[in-house]
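Chemist: Below is the structure, and that's it, no one-letter string:
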């Protein structure tokens, strides 16, 4: 064979190989995924979930997970600035409260057609789909995928209740009494050793509104006598010395530290803290739903985390595939196993692990009277 022909064949084969390599590279979809985590353990779990998806998905997708600080809710606003500036992720954990802002800017991908064609749509509670639709004021349209939802409740230490000589509160009035009674000087030195409630100042708006509602107030008129009375009751927990002196600025980490150290008898949070609580206290931790007032007023916060796909992504189908994995696939299973948090989909709710978890049952106790802060069109 002539040298020129051999050289030609070699060049042709090289070009074909290069084209194949280029095609493979083009098919290798890289997605940027932003998320926040409440604890180092949750951060590690999220990385494991993403690793599982990268190793098992059939769309040749690699998700690159980047953790960002929640920062008292500034996460959503910071990401908005990044996305509006032409950056940010393809897909992200999200809060429905920010959906109006993003949707008004045209930054959320409309997922309605994807959702309606999705075989697992009906596994998600209808109330959750309603919340997602209401968040963008688009009836029957969905710009978010459900990831987790939970209600707030009160964690308490049975041993401290026993020492204080009180039972689990069944009314708002009894709850206020329990906060007072559990504030104790246990060693007789004239200083408080245990506070009744690890009150959250930074990011504690849901707790604040619980007290307003219990007093008969509402969002409709926060200047009413009832609303003001609820705010005064909330403030009195601090001014009466039933909460730590740092309560005005305490956020999630601080209230958890106060409760876990034994410096507080109660703390208000949700199912996401339950694994850590049991690891810390064993059997000496339990929970009760935020109780109704004697007049029947009762409100609980439905806290949520969704998956949002940015409209700027070049890979909408691939993003939705990852979102499905997170909502009802292996990603949701792994998150539930590691945190007890879920979107309450029927696959999870039917498991023994769900049915036998006392904290999940308290979560469900709050669902029928739970709500979200009004969505604002900012």
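Modeler: Structure received. What you are looking at is a predicted structure, and each value in this text was computed from that prediction instead of being measured.

Chemist: how about the helices in the stretch 201-350 of the chain?
Modeler: 205-214, 225-239, 252-260, 274-281, 316-327, 330-339, 346-349 (DSSP state H, counting those that start in this stretch).

Chemist: Ok, which of those comes nearest residue 114?
Modeler: Residue 114 sits nearest to helix 316-327 of all the helices of the stretch 201-350 of the chain, at 4.7 Å, using CB to CB. In this view, the C-beta of every residue, glycine as well, is placed from N, C-alpha and C.

Chemist: Hey, what's the angle from the closest one to helix 330-339? Just curious.
Modeler: Angle of helix 316-327 versus helix 330-339, following axes from the mean of the first three to the mean of the last three CA atoms, to 10 degrees, is 30 degrees.

Chemist: who's in contact with helix 316-327?
Modeler: With CB atoms under 8 Å, 6 or more residues apart in numbering as the test, helix 316-327 has contacts from 29, 31, 33, 49, 53, 57, 59, 61, 63, 90-91, 109, 111, 114, 118, 120, 124, 145-147, 307, 309, 313, 331-332, 335, 343, 345.

Chemist: and if you look at stretch 160-174?
Modeler: 156, 175, 177-178, 181-182, 184, 186, 194, 214, 265, 286, 288, 291-294, 297-298.

Chemist: In PyMOL, how would I select the buried members of these?
Modeler: What follows is the PyMOL syntax selecting those of the contacts of stretch 160-174 that are buried according to 16 or more other CB atoms under 10 Å:
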select buried, resi 156+175+178+181+182+194+214+265+286+288+291+292+293+297+298
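
Chemist: Which of the contacts of stretch 160-174 fall in strands?
Modeler: 156, 265, 286, 288 (DSSP state E).

Chemist: The second one and residue 206: what is the separation?
Modeler: Okay, so that is residue 265. 20 Å (CB to CB, to the nearest Å).

Chemist: Show me the beta-bridge partners of the most centrally placed residue in the chain.
Modeler: The chain has residue 305 as the residue nearest its centroid, 4.1 Å off, counting by CA atoms, centre = their mean. Beta-bridge pairing of residue 305 under DSSP bridges involves residue 148.

Chemist: what about the stretch 1-150 of the chain, any weak spots by pLDDT?
Modeler: Scanning the stretch 1-150 of the chain for pLDDT under 70 picks out the ranges 1-26.

Chemist: Let me see the ranges of the strands in it.
Modeler: Counting by DSSP state E, counting those that start in this stretch, one finds strands in the stretch 1-150 of the chain at the ranges 29-35, 61-67, 91-94, 145-151.

Chemist: Quick one: list the elements packing against the last one.
Modeler: On a contact count with 3 or more CB pairs under 8 Å, 6 or more residues apart in numbering; DSSP states H and E, strand 145-151 meets helix 126-135, strand 300-309, helix 316-327, helix 330-339, helix 358-365.

Chemist: Kindly recompute the last result at 10 Å.
Modeler: strand 91-94, helix 112-116, helix 126-135, strand 300-309, helix 316-327, helix 330-339, helix 358-365, strand 370-371 (3 or more CB pairs under 10 Å, 6 or more residues apart in numbering; DSSP states H and E).

Chemist: Please apply the same query to the second one.
Modeler: Applying 3+ CB pairs under 10 Å, 6+ apart, we find strand 61-67 packed against strand 29-35, helix 40-56, helix 316-327.

Chemist: Over to the shortest one?
Modeler: Packed against strand 91-94, as judged by 3+ CB pairs under 10 Å, 6+ apart, are the following elements: strand 29-35, helix 74-84, strand 145-151, strand 300-309, helix 316-327.

Chemist: Save the ones you listed as TSV, and put in distance to residue 168 too.
Modeler: Converted to TSV, those look like this (distance: least, CB to CB, whole Å):
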stretch	distance to residue 168
strand 29-35	35
helix 74-84	35
strand 145-151	17
strand 300-309	16
helix 316-327	35
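
Chemist: Out of these, indicate the one that is most buried.
Modeler: strand 145-151 (a mean of 26; mean count of other CB atoms under 10 Å).

Chemist: got the angle between it and helix 205-214?
Modeler: 50 degrees.

Chemist: so how far is strand 145-151 off the chain centroid?
Modeler: 7 Å (CA atoms, centre = their mean, to the nearest Å).

Chemist: tell me the angle it makes with helix 358-365.
Modeler: Going by the same axes, to 10 degrees, strand 145-151 makes 90 degrees with helix 358-365.

Chemist: Now do strand 145-151 against helix 274-281, angle only.
Modeler: Using the same axes, to 10 degrees: strand 145-151 against helix 274-281 is 40 degrees.
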